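K.L.:
generate a structure from the sequence data that follows.
(chains A and B)
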2 protein chains.
Amino acid sequence: MKAAITRHRADMTRSLGGLLFRGVHSLATVPAVRTQLGHLASGGPIRTVMTLPSFLSPKPRDFSLPNSSWSSEMLRLHEHYNSQCGGEMEEGEEDRGLWLRLPSYNRSLKYATGGVYLSKMVQANARLFTRNSREQGAGFEYVVFVNKKENRCVCIFQAGHLLEGPPGCVHGGAIATMIDTVTGTHASVVSRPVMTANLNINYRSPIPLGNTVLIESHLDSREGRKMFISCKVTSTDGSKLHTEATALFLSVNFSHLLTGG
Amino acid sequence: MKAAITRHRADMTRSLGGLLFRGVHSLATVPAVRTQLGHLASGGPIRTVMTLPSFLSPKPRDFSLPNSSWSSEMLRLHEHYNSQCGGEMEEGEEDRGLWLRLPSYNRSLKYATGGVYLSKMVQANARLFTRNSREQGAGFEYVVFVNKKENRCVCIFQAGHLLEGPPGCVHGGAIATMIDTVTGTHASVVSRPVMTANLNINYRSPIPLGNTVLIESHLDSREGRKMFISCKVTSTDGSKLHTEATALFLSVNFSHLLTGG
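P.N.:
Predicted coordinates:
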């Protein structure tokens, strides 16, 4: 029993120390853990209000793993990059391969006190926007790989039928959401936590619903708290440019987030 | 029976002639009507493959009407603008008030032939991205009003718990989605159909989940096919600026859309 408690505490510390702001822009949004973050923000002790229920630990569902809705093209590309990976990136772990696959969850850490007030209903039910669909293949299906040495990320994205904008095509907002997700994930690999400061998106050609596309980002420069990242969305063979974008992210500190400033 | 058939045909013609591309950027996205659009595109006759089933006609659900999930602030603002309306804008109808409330549906017109191939599954299940949630209050709750004389639109937007990005706050992509929706709706009032060409978004401060905010757009200029629209997202009392954006829309023609070019 003591061993179990110790493990919980170790997990909690790791989550709070390292993964907490992945929800702001995330390598991966961690599952819900109720903690008194007000204490943490004020430099006080980390205290758990309750321990993790067993059904939430130790591993939440990773939404970036292949499922039955993935097209053959999506599976092929996933295998292409996955075969060049040294393994999933875990906190404090060295990357052993050229590419790293980043896991992706559907919850952010919730906080019971401090900063923004949220009703209990909202807290309990909140889901990451890109992972909020219960039906596989209906919304955003994607997996992100990062290549730190080359300052770039690649995302394989399959657009489900709930993302419609123009008839038969993906909504511009859904494309913007994926660009924000990929560039924000990229920025969070470089320096987390980060917040999106600017997205500048040029839409070149529509993406048909159901299609699989590539979203590639490149870290162009870093100036103090600022990270400038460029991004493009293309057909999987690279022959068709769908969207181009630039993004600016700012490293943020803890108190900035909790006060919502 | 003859009267009913005649009414269906009249509805169909109106939909095809006027509302068809509202899905690209829409006053309102019209419900599914199966038609052979390939014939329409080539200048041929408008023919219906089948008539509208009774459960789809005559009126689809308008998602911009108040429901039990709306906050008191959302209801108050809706009443504020609605009381200044001459009524909903219908095709060919003159605006009788300062503001017009725009209805909003969850389907785009589908096409069985021509242009982009979509599987039957995707066609049958496709839903407008901003109206794809079955649970009231969980996703995007919003209503758009337009003031043609002042070249501006206002949207009252309540962010549900499925739109999370940073812990407790709305995802940057969900904000981009609403900016695209409001500015695109605005552009479509001026000249439809339109497609989004550029969105340039500056994120100033996070929007807490559950909050109601105002999204206001202004038509800055029009140059040929181009429409330049600016937009800002603020707290409902206007004291807090959450997001600022500019948007560029292009008028598009029918063949452009069908070929996906």
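
K.L.:
from now on I want contacts and neighbour counts done on CA atoms only, so please keep to that.
P.N.:
Fine.

K.L.:
tell me where the stretch 1-150 of chain A is predicted with low confidence.
P.N.:
Flagging of the stretch 1-150 of chain A using pLDDT under 70 yields the residue ranges A:1-59, A:87-97, A:108-118.

K.L.:
next SSE after the helix or strand harbouring A:Ala174?
P.N.:
Under DSSP states H and E, the secondary-structure element containing A:Ala174 is helix A:172-190. Using DSSP H and E, the next helix or strand after helix A:172-190 towards the C-terminus is strand A:194-203.

K.L.:
quick check: buried residues in that following strand?
P.N.:
Neighbour-count burial for strand A:194-203, counted by 16 or more other Cα atoms under 10 Å in any protein chain shown, picks out A:Val194, A:Met195, A:Thr196, A:Ala197, A:Asn198, A:Leu199, A:Asn200, A:Ile201, A:Asn202, A:Tyr203.

K.L.:
hang on, isn't the last one packed against A:Thr243?
P.N.:
I take that to be A:Tyr203. Yes: the pair formed by A:Tyr203 and A:Thr243 meets the contact definition of Cα atoms under 8 Å, at 4.7 Å.

K.L.:
beta partners for A:Tyr142?
P.N.:
In this structure, A:Tyr142 has the following beta-bridge partners (DSSP bridges): A:Phe157.

K.L.:
wait, doesn't it sit right on A:Ile156?
P.N.:
Yes: taking contacts as Cα under 8 Å, A:Tyr142 lies within contact range of A:Ile156: 5.4 Å.

K.L.:
A:Lys226: what's its closest spatial neighbour, skipping adjacent residues?
P.N.:
In space, not counting the residues next to it along the chain, A:Lys226 is nearest to A:Leu250; the distance is 4.9 Å by Cα to Cα, 6 or more residues apart in numbering or on different chains.

K.L.:
what about the strands in chain A?
P.N.:
Assigned by DSSP state E, the strands in chain A fall at A:100-102, A:140-147, A:152-159, A:194-203, A:212-223, A:226-235, A:241-251.

K.L.:
mean pLDDT lowest where, among these?
P.N.:
Across the strands of chain A, the stretch with the lowest average pLDDT is strand A:100-102; it has a mean of 93.

K.L.:
listing partners with orientation, what would you give for that one?
P.N.:
Under the criterion DSSP bridges, strand A:100-102 sits next to strand A:140-147 (antiparallel) in its sheet.

K.L.:
tell me the angle of the strand it pairs with relative to strand A:152-159?
P.N.:
Using axes from the mean of the first three to the mean of the last three Cα atoms, to 10 degrees, the inter-axis angle of strand A:140-147 relative to strand A:152-159 is 170 degrees.

K.L.:
so strand A:140-147 versus helix A:172-190, what angle?
P.N.:
Orientation note: strand A:140-147 sits at an angle of 30 degrees relative to helix A:172-190 (the same axes, to 10 degrees).

K.L.:
okay, now the residue nearest to A:Lys226: neighbour count?
P.N.:
Here the number of neighbours of A:Leu250 (other Cα atoms under 10 Å in any protein chain shown) works out to 23.

K.L.:
who's in contact with it?
P.N.:
For A:Leu250, the contact set (Cα atoms under 8 Å, 6 or more residues apart in numbering or on different chains) comprises A:Val194, A:Met195, A:Thr196, A:Ala197, A:Arg225, A:Lys226, A:Met227.

K.L.:
setting aside sequence neighbours, what's the nearest residue to A:Glu73?
P.N.:
Taking Cα to Cα, 6+ apart, and ignoring the residues beside it in sequence, A:Glu73 has A:Thr212 as its nearest neighbour in space, at 7.0 Å.

K.L.:
what's the separation between A:Cys153 and A:Gly160?
P.N.:
22 Å (Cα to Cα, to the nearest Å).

K.L.:
quick check: A:Pro137 touching A:Ser69?
P.N.:
Actually, residue A:137 is Gly rather than Pro. Yes: with contact defined as Cα under 8 Å, A:Gly137 and A:Ser69 form a contacting pair (5.0 Å).

K.L.:
of these two, which one has the most company?
P.N.:
Applying other Cα under 10 Å to A:Gly137 and A:Ser69 shows that A:Gly137 carries more neighbours, namely 20 against 15.

K.L.:
what about the nearest residue to A:Gly173 once chain neighbours are set aside, how many neighbours?
P.N.:
Using Cα to Cα, 6+ apart and skipping residues adjacent in sequence, the residue nearest A:Gly173 is B:Thr177, 3.7 Å away. The burial metric for B:Thr177, expressed as a neighbour count using other Cα under 10 Å, is 21.

K.L.:
likewise A:Glu150?
P.N.:
A:Glu150 is surrounded by 11 other residues when neighbours are defined as other Cα under 10 Å.
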